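J.: just coords:
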């Protein structure tokens, strides 16, 4: 049986959690946001701890060999997904990077591909309409600027997997 780790990607308000819910049951979805509790009592000074907490939960789910695991975080840069990818390779999970399918997200990717033409307008839309955790507008804008395309993630994952397999065959 194939085991799969889905890594959701998208900025706040883009439809990640909605899409994640179509991939599996809620008990297989792991989000760093859960660290802040049901009232979302966010504390920036604990963000590193919150991410490590979520990475640990995902690792435990892999040890339990859950067939489907979803990481529902923003995952803007490779640095953010690397711990999950490394754990997946070690535990025999395939990795898929998943973006939202909303029209809003499609518009963002299209604007991003056109040299950031409409990003400020899209950021304001996310901030005012879809932002359930009250992420400040300037943070959303920074995320949009730092966004690394999923195509690059897929290529990097394939490279990392080849290196990992090569090392595994040596030992």
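T.: Sure, I can see it. Remember, it's a predicted structure, so these values are computed and weren't measured experimentally.

J.: Who are the packing partners of the helix or strand containing residue 7?
T.: According to DSSP states H and E, residue 7 maps onto strand 3-8. Counting contacts by 3 or more CB pairs under 8 Å, 6 or more residues apart in numbering; DSSP states H and E, strand 3-8 is packed against helix 16-23, helix 47-63, strand 68-71, helix 78-91, strand 93-98. All C-beta spots, glycine's among them, are computed from the backbone N, C-alpha and C.

J.: Quick check: which of these is buried the most?
T.: Sort the helices and strands packed on strand 3-8 by mean neighbour count, taking mean count of other CB atoms under 10 Å, and strand 68-71 sits at the top with a mean of 25.

J.: same for that one, what does it pack against?
T.: Where contact means 3+ CB pairs under 8 Å, 6+ apart, strand 68-71 is packed against strand 3-8, helix 16-23, strand 29-30, helix 47-63.

J.: With mean pLDDT added, can I get the ones you listed in TSV?
T.: Formatted as TSV, the helices and strands packed on strand 68-71 follow (pLDDT from 0 to 100):
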stretch	mean pLDDT
strand 3-8	98
helix 16-23	94
strand 29-30	98
helix 47-63	97
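
J.: which regions of the protein sit below the pLDDT cut-off?
T.: 113-134, 171 (pLDDT under 70).
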